[in-house]
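Undergrad: Next input, structure requested:
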Amino acid sequence: METTAPSTTAAAVVEDGPLVKYDPAIEVSTVRMQNSGLKFPSGDDWDNNVYTRELDKQLGVKLKNKWVIDDQQYAKKLSV
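TA: I've put the predicted structure just below:
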């Protein structure tokens, strides 16, 4: 009976590229339109949700919304 030993080769470390984590983290500001029917899970919001937490954890990008507005008013607010 033959068994395979686990590989001891370490994964290559990428030092540059589009998916390398920023260190120190950077902050990206944006504006957001929201659908009035959208509901986040308890404790989550536009600035703290599964997407923003993973973006910070994996890439070192902190996403901040300058403002969030209903989809019906978005075009008017954006043009101001």
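Undergrad: List the contacts of the lowest-mean-pLDDT helix or strand in the chain.
TA: Considering only helices and strands, the least confidently modelled element of the chain by mean pLDDT, DSSP states H and E is helix 74-79, at a mean of 84. Residues from elsewhere that reach helix 74-79, judged by Cβ atoms under 8 Å, 6 or more residues apart in numbering: Val31, Met33, Trp67, Ile69. The C-beta positions use only the backbone N, C-alpha and C, and glycine is treated the same way.
Undergrad: a helix runs through the first one, doesn't it?
TA: No - residue state for Val31 (DSSP: H, G, I helix; E, B strand; the rest coil) corresponds to strand; a helix is not indicated.
Undergrad: So what sits opposite it in the bridge?
TA: Residues found in beta-bridge contact with Val31 (criterion: DSSP bridges) are Trp67.
Undergrad: give me every residue that touches it.
TA: By Cβ under 8 Å, 6+ apart, Val31 lies in contact with Asn65, Lys66, Trp67, Val68, Ile69, Lys77, Leu78.
Undergrad: Now do the helices in the protein.
TA: For the chain, applying DSSP state H gives helices covering 50-59, 74-79.
Undergrad: Which strands and helices lie in contact with the first one?
TA: The one in question is helix 50-59. Helix 50-59 sits against strand 61-70, with contacts defined as 3 or more Cβ pairs under 8 Å, 6 or more residues apart in numbering; DSSP states H and E.
Undergrad: in the least confident helix or strand of the chain, what's buried?
TA: Neighbour counts over helix 74-79 (16 or more other Cβ atoms under 10 Å) mark no residue as buried.
Undergrad: so how far is that helix from its chain's centroid?
TA: Taking Cα atoms, centre = their mean, to the nearest Å, one finds helix 74-79 lying 24 Å from the centre of the chain it belongs to.
Undergrad: What of stretch 26-38?
TA: Distance of stretch 26-38 from the chain centroid (Cα atoms, centre = their mean) equals 12 Å.
Undergrad: Would you mind writing the CA trace of that stretch as CSV?
TA: Output in CSV follows, covering the C-alpha atoms of stretch 26-38 (Å, rounded to 0.1, in the frame of the first residue of the first chain):
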residue,chain,number,x,y,z
ILE,A,26,-5.5,52.4,2.5
GLU,A,27,-8.9,54.1,2.7
VAL,A,28,-11.0,54.4,-0.4
SER,A,29,-14.0,56.8,-0.3
THR,A,30,-17.0,56.4,-2.4
VAL,A,31,-20.7,57.3,-2.7
ARG,A,32,-23.5,54.8,-2.8
MET,A,33,-27.0,54.4,-4.1
GLN,A,34,-29.2,52.0,-2.1
ASN,A,35,-32.3,50.2,-3.1
SER,A,36,-35.0,51.0,-0.5
GLY,A,37,-35.8,47.3,-0.1
LEU,A,38,-32.3,46.3,0.8
